[in-house]
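Chemist: Generate a structure from the sequence data that follows.
(one chain, ligands or ions: 1)
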Amino acid sequence: MMQSAIASKYIELLKTSLLNELYAENEARILHTFITRLNGGAVNFNDYFNIAQSKPELMAALRDAKSAGNTITLLQKMPDGSSRQAHELRNLIELSHSMIGRKRLDNLQQCIETVLAENIPGDFIETGIWRGGACIFMRGVLAAYEVTDRTIWAADSFEGVPPPTWPQDAGFDISRDVLPVLAVPVEEVQQLFRRYGLLDDQVKFLKGWFKDSLPVAPIERLAILRLDGDLYESTMTALQPLYDKVSTGGFVIVDDYGSCPPCKRAIDDFRAERGITEALQVIDQQSVFWRKR
Ligand SMILES: C[S@@+](CC[C@H](N)C(=O)[O-])C[C@H]1O[C@@H](n2cnc3c(N)ncnc32)[C@H](O)[C@@H]1O
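Modeler: Numbers count the residues shown, from 1 in each chain. Okay, here's the model as predicted:
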């Protein structure tokens, strides 16, 4: 693997772009406008233009959210003086191309670089791609290192998370009706890849529910399996057909281990069933990974 200064700079630029860090002030301006309007105020133009000076706490919150891959929700003051979180506005204010945050992008980069340096065979897959940011990143890192013999598999319903039908997911409904922001059409995702100049034959889209698409996917071997489907069902129906395809020395990354209890349960059940004892390594408050030995 050739590591050059320009490759490192390109990878860093990809991260700042995917996380919308480059234009963080504009994101803060949008949030500020929503917060102000939500609470019946008028936007002051001086505050708006000089957002970094006028709203440093908002800029700091945005920075923290982008580092940790957290979601910002807006607070609305209620007539009785209390505040409520306006969760539904998540659909309007979630603006990055990936929601996984910088620590998890750093982890993904480390996993890819290890796989390349140690010649661990196999492709890379993410199950649950949303706008496609993490897959765009994986494709970009391969481009930076001029790797042409590995494929990025991008698996998603492109219709959001399924409604909870498995008992282990009961009460955990983040399907399209509840969180439409998670349903991104495949054409939109492909258009985003194109904008980054990274849509080519090394990217393959697997459209459909994981239970249908993954058992028949023409994947031979994987070096990176990145799970990001939130539910028990979505985690289990990805692991079952794919885990045995992960090479020794390959990585299994679990985005939702700390944020979605059904996902944690699926991982704990699968690891127990299969007698997997490799330690779970913490990436940030939400995510973990292990390396297959
Ligand atoms: C949290 S988002 C993924 C975020 C993404 N990894 C990123 O980089 O921002 C979860 C995604 O998983 C998909 N998904 C969840 N369960 C699924 C299933 N069983 N089959 C297909 N897609 C699923 C949803 O459509 C959604 O796009």
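Chemist: separation between Gln85 and the ligand?
Modeler: 19 Å (Cβ to the nearest ligand atom, to the nearest Å). Glycine gets a C-beta too; all of them are placed from N, C-alpha and C.
Chemist: That residue: what's it in contact with?
Modeler: Contact analysis of Gln85 by Cβ atoms under 8 Å, 6 or more residues apart in numbering lists Thr73, Leu74, Leu75, Gln76.
Chemist: helix/strand/coil for it?
Modeler: strand (DSSP: H, G, I helix; E, B strand; the rest coil).
Chemist: So which elements touch the helix or strand harbouring Tyr10?
Modeler: Taking DSSP states H and E as the definition, one finds Tyr10 inside helix 5-18. Helix 5-18 is packed against helix 101-117, helix 133-144, with contacts defined by 3 or more Cβ pairs under 8 Å, 6 or more residues apart in numbering; DSSP states H and E.
Chemist: Which residues are in contact with Ile100?
Modeler: Ile100 makes contact with Gly69, Leu108, Gly133, Ala134, Asp228, Asp255, Ser287 under the criterion Cβ under 8 Å, 6+ apart.
Chemist: Need the max-distance pair from those residues.
Modeler: Gly133 and Ser287 (14.6 Å; Cβ to Cβ).
Chemist: Tell me the confidence at His87?
Modeler: We have a pLDDT of 85 for His87.
Chemist: no wait, Thr235
Modeler: So, for Thr235, pLDDT stands at 98.
Chemist: name the element the closest residue to it other than its chain neighbours belongs to?
Modeler: The spatially closest residue to Thr235, leaving aside those adjacent along the chain, is Ala266, at 3.8 Å (Cβ to Cβ, 6 or more residues apart in numbering). According to DSSP H and E, Ala266 maps onto helix 261-274.
Chemist: Please work out which of the helices and strands packed on helix 5-18 is packed deepest.
Modeler: Scoring those by mean neighbour count under mean count of other Cβ atoms under 10 Å gives helix 133-144 as the most buried, with a mean of 25.
Chemist: Is any residue of that helix near the ligand?
Modeler: Yes - counting by Cβ under 6 Å from any ligand atom, contacts between helix 133-144 and the ligand involve Gly133, Ala134.
Chemist: And stretch 153-173, by the same measure?
Modeler: Yes - under the criterion of Cβ under 6 Å from any ligand atom, stretch 153-173 makes contact with the ligand via Asp156, Ser157, Gly160, Val161, Pro162.
Chemist: Strands - which of these land there?
Modeler: Members of those lying in strands (criterion: DSSP state E): Asp156.
Chemist: Out of the residues of stretch 153-173 next to the ligand, the closest to Ala144 would be?
Modeler: Nearest to Ala144 among those, with distances taken as Cβ to Cβ, is Asp156, at 24.2 Å.
Chemist: ok, back up a step: please convert the contacts of Ile100 to a markdown table, extending it with pLDDT.
Modeler: Shown next, in a markdown table, are those (pLDDT from 0 to 100):
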| residue | pLDDT |
| --- | --- |
| Gly69 | 95 |
| Leu108 | 98 |
| Gly133 | 98 |
| Ala134 | 98 |
| Asp228 | 98 |
| Asp255 | 98 |
| Ser287 | 98 |
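Chemist: do you know how far the closest residue to Gln202 other than its chain neighbours is from the ligand?
Modeler: Among residues not flanking Gln202 along the chain, Thr151 sits closest, at 5.5 Å (Cβ to Cβ, 6+ apart). The spacing between Thr151 and the ligand, counted by Cβ to the nearest ligand atom, is 17 Å.
Chemist: before we move on, back to that, check the residues of stretch 153-173 next to the ligand and tell me the two furthest apart.
Modeler: Asp156 and Pro162 (11.4 Å).
Chemist: dump the residue contacts of the residue in the stretch 101-250 of the chain positioned nearest to the ligand.
Modeler: Proximity of the stretch 101-250 of the chain to the ligand (Cβ to the nearest ligand atom) peaks at Gly128, 2.8 Å away. Contacts here follow Cβ under 8 Å, 6+ apart; on that basis Gly128 touches Ala155, Asp156, Leu227, Asp228, Gly229, Asp230, Ser234, Ala238, Asp255.
Chemist: Sounds good, over and out.
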